[in-house]
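J.: Need a 3D model of the sequence below.
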Amino acid sequence: MHPITPTAMPRHIAIIMDGNRRWAAARGLPKALGHGAGSRRVKTIVQACADRGVSHVTLFAFSTENWRRPQEEVSGLIALLSLYLQKEISSMNKRGVRLQVIGDILGFDSRVQSLIRNAQASTAHNKAITLTLALNYGGRWDLLQAVKSWQLAHPGQSAECLSEAALEPYLQMADAPAPDLMIRTGGESRISNFMLWQMAYTELYFTDLLWPEFTPEALDKAIAWYGQRDRRFGGESTRKTEVIEAKAS
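T.: Numbers count the residues shown, from 1 in each chain. Have a look, this model is predicted:
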């Protein structure tokens, strides 16, 4: 495994935190305890990313599809989110974590909306790392609301006037770099409607580890894998010269 160097370090890591329920089931525990273990893992991994020089971490915390889960589980997830937004703000400020939220927060009740806004305002001055929680978020929703927002800002203009560059400011995460690396835990190999526009050229890393089992050492393994990727962005390989030189030697 190649050592991790600054040039191989992703600026932005997106994570689909999968496997909390299976982690609990394997231990004969209620689902709620699995989600609790996953919530505690967030702090560890965000700090590990900050320690390694990652500037942005985005976590898929609650998707638009998660409302389809049993009501008891949904209520438990929202209660856990509320607790997190209250208890972790002081720690975030001490560690320099700036919290942002993307998604349709109007889908939550007024108390949760208030907690989200307060948490963002309380951490807005922090600069060590930006933690973004995707809440009631879906990639298709993101694209749809961006088009609607563009149309509201440009009344009377047809879609013929719309370009990628014109649409991007209306997308969620418009002020952040696109994810360099996406990590999904839990053994599934799909992106599940997560940041469809933003991850057009993201490197996708899948691991069988369940989210509560995902350690800083596992993070290092994912980052090392990323460091060996040849990111061409549809163009010519940046490693062509290296390969020729290696064959010549």
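J.: okay, CA-based contacts and neighbour counts for the rest of this
T.: Noted.
J.: Spatially central residue in the protein, please.
T.: For the chain, the residue sitting closest to the mean C-alpha position, by CA atoms, centre = their mean, is T58 at 2.5 Å.
J.: Could you measure from that residue over to S91?
T.: Distance, T58 to S91, using CA to CA, to the nearest Å: 18 Å.
J.: how about the strands in this structure?
T.: Using DSSP state E, the strands of the chain run over residues 12-16, 56-63, 97-102, 129-137, 181-184, 203-206.
J.: contacts for stretch 37-52?
T.: 9, 17, 20, 55, 57, 80, 84, 95, 128-129, 131, 211-212, 214-216, 219 (CA atoms under 8 Å, 6 or more residues apart in numbering).
J.: model confidence over it, on average?
T.: In this model, stretch 37-52 carries a mean pLDDT of 97.
J.: Send over that stretch as CSV, restricted to the C-alpha atoms.
T.: Provided in CSV are the C-alpha atoms of stretch 37-52 (Å, rounded to 0.1, in the frame of the first residue of the first chain):
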residue,chain,number,x,y,z
ALA,A,37,-23.5,3.4,17.6
GLY,A,38,-23.4,4.8,14.1
SER,A,39,-24.0,8.3,15.5
ARG,A,40,-21.0,8.0,17.9
ARG,A,41,-18.8,6.8,15.0
VAL,A,42,-19.5,10.1,13.2
LYS,A,43,-17.4,12.1,15.6
THR,A,44,-14.5,9.7,15.4
ILE,A,45,-14.4,9.7,11.6
VAL,A,46,-14.9,13.5,11.2
GLN,A,47,-12.0,14.1,13.5
ALA,A,48,-9.9,11.6,11.7
CYS,A,49,-10.6,13.4,8.4
ALA,A,50,-9.7,16.7,9.9
ASP,A,51,-6.5,15.3,11.3
ARG,A,52,-5.5,14.1,7.8
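J.: Would you mind listing the buried residues in it?
T.: 37-39, 41-42, 45-50, 52 (16 or more other CA atoms under 10 Å).
J.: re the thing from before, in CSV, list the strands of the chain along with mean pLDDT.
T.: CSV is the format used below for the strands of the chain (pLDDT from 0 to 100):
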stretch, mean pLDDT
strand 12-16, 98
strand 56-63, 96
strand 97-102, 98
strand 129-137, 97
strand 181-184, 98
strand 203-206, 98
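J.: Columns distance to G28 on top of the ones you listed, output as TSV?
T.: Formatted as TSV, those follow (distance: least, CA to CA, whole Å):
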stretch	distance to G28
strand 12-16	24
strand 56-63	23
strand 97-102	33
strand 129-137	28
strand 181-184	24
strand 203-206	26
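J.: R69 is nearest to which of these?
T.: strand 56-63 (10.8 Å; CA to CA).
J.: Adjacent strands (with direction) for that closest one?
T.: strand 12-16 (parallel), strand 129-137 (parallel) (DSSP bridges).
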